[in-house]
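Trainee: Okay, predicted coordinates and the sequence, questions at the end:
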Amino acid sequence: YVTNPTARASPYTIAVPVFLFFPAASAFFSHQPVGPMALSTATIGFPRIGVKREMKFALEKYWAGAIRQDELLEVAQNVQTHAWDLQAAAGVQCIGVDSTLYDQMLDTTFMLGLAPTRFKDFTGLDLYFAMARGATGVIALDMSKFFDTNYHYLVPELEGDFSCKNPNFIPLLEKIDRAQQQLGKNKAVPIIMGPVTYVLLAKRDLALAEAVDRLLPTYGQLLRKLQQLGCPEVQLHEPALTTDAGAAAQDVYKNAYTQLAAVGCPIDLVTYFDDLSPEAYQTVINLPVAAISLDFCGVPGSAAGNSTLANIRKYGFPVDKRLGAGLIDARSVWADDLPACAAVLQELTSLGINNISVQPSTTLQLLPFDTAAEAGHLPAGLLSKLSFAVQKLAALATLASGSVKPADAAAAKAWGQPPDGPIIAESTLPGVDPDLLQRTEPFKIRRPKQPQFHPFPTSSIGSFPQTAEVRRLRTLLRNGSLSQLDYERLIDQQVAFAIGVQEAIGIDVLVHGEPERTDMVEYFGVQLGGLAFTLQGWVQSYGSRYVRPPIITGDVVFNKPMTVREYVVAQDLTTKPVKGMLTGPVTILNWSFPRKDISRAAQAAQLGLALRKEVDALQTAGCRIIQVDEPALREGLPLKKDCWQGYLGWAVDAFK
């Protein structure tokens, strides 16, 4: 028996049985280093959608009444089992038990018993999905982007003087029990959203400190129950620590984790999406937790780089804690530079850090499932350079095995630096003539040349609904049942309908309705050079909504006009002006998997130059009004405000 090493004279300290016949296993179980350095492996999240999108189809059947609740839960459990099997087969020693029917923040709200009062008439899964999707006479929880990712979460509502009156731990405890039976108790590690991040992402009336205090007794109850199940530790995810708001909440974190650590259940405090500020880092390394997991990668191609390794060099790392080294880039589809990762590990050990868990930089749910699904679709030369969630597991195991020869010291020194060097951190677009960012004529000369309207002219943003008929035509074209010529003829009928509707109701500036476009990014991406599209590269956006982000594989180039044909068809049907409709360069970039060898600014510049040629083509065709959509411009803002100026500089210049 070994006593929990993080327990501090607590009544909840327990003796934990270990494997007596396998010293290496027992040392891992108690998180003590084996020999001069202990390299273990861990995951902090994995795709929850199923290798063939099983969760999407099961959820939509359930909502349509085509399957029962028990059938839905059976699919969910099968998806979980397969994900755990993959991680175990890859040799991961500490598997984060991750899954959801819809969203992990919603799971936390449901578990804590914090459903808003308007849902008081609902229970069980009816309550869960009413919060997610709404119900008759009851609106759903708001949805928002999860930090700077393309994943959406359901925003908790902490009403007034709230309390966790009816927490429900049963779904989580049953899931952990199943994971333990499948993996063994020493491998199955619960994943829970941390209390401070949960409150920071919520709507609330109370001050942050008071709101977090209201949650701590319930979190403590949960930790005790997980401890009773024999969990070796619990991952508490606190990505808000990487933000300005999290960094400003140091006292709240100290109070919260001092109270939670007193329970006696070992805690792995997990942060990701960016590095910690120096102040936040110094706070975190002094919290009474068993392990600290840090993101060593950040945003691929970011001008800000990542300072996690620099923080460790400057401020050290406590010898009584395990370091979760997030070296495998879980936000990039590109294969990792394992020799460079090994060089970082070598430096960490030279700094006296001997208990290290090699793990992804963040949850792998942000990546597609498996590159094997793209064999025969993507070029073999490209496929060999890609690494999706399953391949990241293999990289994890290889790196931790000690078989990778470290790159020279220069690789560790360069780790975390912007790909094009610090100059790109300024608000400039590399490789772009500054004259292209300026208007050729002043406004007072331009304006009379532009279309003139009565006060308050009307228009719409763009696309008409993608009807079942439009989707049917696209399917027929894809499977070869419809020729390109016939497809275009039938699509033109949809355009004519859109023009007719707008003319009938008196709209001033018309749109063609975009029936030919499946997705505002994909439509342009498949026609530009330098981007690739997968067959099965799905990632969860929210609930059952999955997307296939394009992959920027090389320099982006303009091949031929992409929107002119449909514009001409529409304009020939009316005397009113029809808008050209383009997706902007920053949105294409932020909704894609970018390159890592050059900066995001350089990629935005290439996209902007390519789209500029499309603008020229539309103008040549007679188009006088062009709309450029940038819905994702704000989504790409860095998590720390002191990095905003650089991002907004090149993002706005790319639009120009």
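Mentor: Right, received. Where do you want to start? Numbering: from 1, shown residues only.
Trainee: and the helix or strand harbouring Arg612, how far from the chain's centre?
Mentor: Secondary structure assignment for Arg612, by DSSP states H and E: helix 600-620. Distance, stretch centre to chain centre, for helix 600-620: 27 Å (Cα atoms, centre = their mean, to the nearest Å).
Trainee: same check, this time on stretch 440-448
Mentor: 42 Å.
Trainee: ok, now stretch 253-273?
Mentor: 23 Å.
Trainee: mean confidence score for that stretch?
Mentor: Stretch 253-273 shows a mean pLDDT of 98.
Trainee: State the distance from Gly530 to Leu206.
Mentor: Gly530 is 49 Å from Leu206, where distance means Cβ to Cβ, to the nearest Å. All C-beta atoms are positioned from the backbone trio N, CA, C, and that covers glycine.
Trainee: What separation do you get for Ala621 and Gln571?
Mentor: 8 Å.
Trainee: Quick one: the helices in the stretch 251-400 of the chain, in order.
Mentor: 278-284, 308-315, 338-350, 380-383, 389-400 (DSSP state H, counting those that start in this stretch).
Trainee: Can you tell me which of the ones you listed is packed in deepest?
Mentor: Scoring the helices of the stretch 251-400 of the chain by mean neighbour count under mean count of other Cβ atoms under 10 Å gives helix 389-400 as the most buried, with a mean of 22.
Trainee: Test my guess that Pro156 contacts Met143.
Mentor: No. Under the criterion of Cβ atoms under 8 Å, Pro156 is not in contact with Met143, lying 11.8 Å apart.
Trainee: Looking at Ala621 and Gln571, which is more packed in?
Mentor: The residue with more neighbours, out of Ala621 and Gln571, is Gln571; 21 against 15, by other Cβ atoms under 10 Å.
Trainee: Okay, buried residues for the helix holding Arg612 please.
Mentor: 600-611, 614, 617-618 (16 or more other Cβ atoms under 10 Å).
Trainee: Just give me the closest of these to Gly194.
Mentor: Arg600 (28.5 Å; Cβ to Cβ).
Trainee: check contacts around the closest one.
Mentor: Counting by Cβ atoms under 8 Å, 6 or more residues apart in numbering, Arg600 touches 299-303, 589, 594, 636, 650.
Trainee: Buried subset of the residues you listed, written for ChimeraX?
Mentor: Provided next is the ChimeraX selection string for whichever of the contacts of Arg600 are buried by 16+ other Cβ under 10 Å:
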select :299,300,301,302,303,589,594,636,650
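Trainee: which one in the contacts of Arg600 is the model shakiest on?
Mentor: Ala303 (80).
Trainee: how about it, phi and psi?
Mentor: Note on Ala303: its backbone torsions stand at phi -70, psi -20 [degrees, to the nearest 10].
Trainee: who's in contact with it?
Mentor: For Ala303, counting by Cβ under 8 Å, 6+ apart, the contacting residues are 418, 424-425, 599-601, 643, 646-647, 650.
Trainee: And Ser307, by the same measure?
Mentor: Applying Cβ under 8 Å, 6+ apart, the residues near Ser307 are 275, 416.
Trainee: Check the offset of stretch 562-575 from the chain's centre.
Mentor: That offset, for stretch 562-575, works out to 37 Å (Cα atoms, centre = their mean).
Trainee: returning to that earlier point: compare Pro156 and Met143 (neighbour count), which wins?
Mentor: Taking other Cβ under 10 Å, Pro156 and Met143 do not tie; Pro156 has more neighbours (25 against 17).
Trainee: Skip the chain neighbours and tell me the closest residue to that one.
Mentor: Ala202 (3.8 Å; Cβ to Cβ, 6 or more residues apart in numbering).
Trainee: close enough to count as contact, the one you found and Leu154?
Mentor: No. Using Cβ under 8 Å, Ala202 is not in contact with Leu154; the gap is 10.3 Å.
Trainee: Have a look at the two and say which one is more surrounded.
Mentor: Just comparing Ala202 and Leu154: by other Cβ under 10 Å the higher neighbour count belongs to Leu154, 25 against 18.
Trainee: That one: what's it in contact with?
Mentor: Neighbours of Leu154 in contact, by Cβ under 8 Å, 6+ apart: 102-103, 105-106, 109, 131-132, 140-143, 542.
Trainee: Most neighbours among these, please name it.
Mentor: Met131 (27 neighbours).
Trainee: Grab the nearest non-local neighbour of that one.
Mentor: Leu141 (5.1 Å).
Trainee: for Leu477, same thing?
Mentor: Nearest one to Leu477, counting by Cβ to Cβ, 6+ apart, is Tyr487 at 4.5 Å.
Trainee: what helix or strand does that neighbour sit in?
Mentor: helix 484-504.
Trainee: next structured bit after that helix?
Mentor: helix 522-525.
Trainee: other SSEs contacting that following helix?
Mentor: strand 580-583 (3 or more Cβ pairs under 8 Å, 6 or more residues apart in numbering; DSSP states H and E).
Trainee: List of residues touching the strand it packs on?
Mentor: 462, 511-512, 514, 520-521, 523-524, 563, 567, 611, 614-615, 618, 623, 625-629.
Trainee: Buried subset of those residues as a PyMOL selection?
Mentor: Buried residues within the contacts of strand 580-583, by 16+ other Cβ under 10 Å, are selected in PyMOL with:
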select buried, resi 462+511+512+514+520+521+523+524+563+567+611+614+618+623+627+628
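Trainee: Let me see the confidence value for Phe464.
Mentor: 94.
Trainee: ok now do it, which residues does it touch?
Mentor: Neighbours of Phe464 in contact, by Cβ under 8 Å, 6+ apart: 494, 498, 511, 513-515.
Trainee: Tell me the one of those residues nearest Asp213?
Mentor: Distances from Asp213 to these, taken by Cβ to Cβ, are shortest for Glu514, at 50.1 Å.
Trainee: gap between the closest one and Ile505?
Mentor: Counting by Cβ to Cβ, the gap from Glu514 to Ile505 is 18 Å.
Trainee: and what of Ala411?
Mentor: 62 Å.
Trainee: Name the residue in these two with the higher neighbour count.
Mentor: Ala411 (18 against 8).
Trainee: Thought Leu345 was touching the more buried one, still the case?
Mentor: No. Using Cβ under 8 Å, Ala411 is not in contact with Leu345; the gap is 11.2 Å.
Trainee: list the contacts for Pro406?
Mentor: Contacts of Pro406 by Cβ under 8 Å, 6+ apart are 339, 342-343, 345-346.
Trainee: actually Ile192, not the one I typed
Mentor: Here Ile192 is in contact with 108, 172, 219, 222, 234-237 (Cβ under 8 Å, 6+ apart).
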